[in-house]
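>>> pasted the sequence and its predicted model underneath.
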Amino acid sequence: MPTNIGIPGLILILVLALILFGPSKLPQLGRAIGDTLREFRNSTKHVVDDVAEDKKKEEKQSAQA
């Protein structure tokens, strides 16, 4: 699904964002996107840690049996 955007594609996206949101809103928009990505990464890390912990418990119980 992901495609190779390249430099011309990134420039086009940045120009469109500048036109749509204006120069005063771009820093706020970037900050909001960064906060959202950080929160998503932290949430998925907790889920992965929980799954790994459950797997270790199951392996330990099967080894004891």
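Nice, I can see it. Residues are numbered from 1 along each chain as shown.
>>> off-centre distance for whichever strand or helix holds residue 37?
Using DSSP states H and E, residue 37 sits within helix 26-64. Relative to its parent chain, helix 26-64 has a centroid offset of 11 Å by C-alpha atoms, centre = their mean, to the nearest Å.
>>> and it, what does it pack onto?
Judged by 3 or more C-beta pairs under 8 Å, 6 or more residues apart in numbering; DSSP states H and E, the packing partners of helix 26-64 are helix 6-21. In short, each C-beta sits where N, CA and C put it, glycine included.
>>> what sits up against the helix it packs on?
Here helix 6-21 makes contact (C-beta atoms under 8 Å, 6 or more residues apart in numbering) with 5, 26, 29.
>>> any idea how far the second one lies from residue 40?
When distances are taken as C-beta to C-beta, to the nearest Å, residue 26 and residue 40 turn out to be 21 Å apart.
>>> and these two? Which one has more around it.
The neighbour comparison of residue 26 against residue 40 (other C-beta atoms under 10 Å) goes to residue 26, with 14 against 10.
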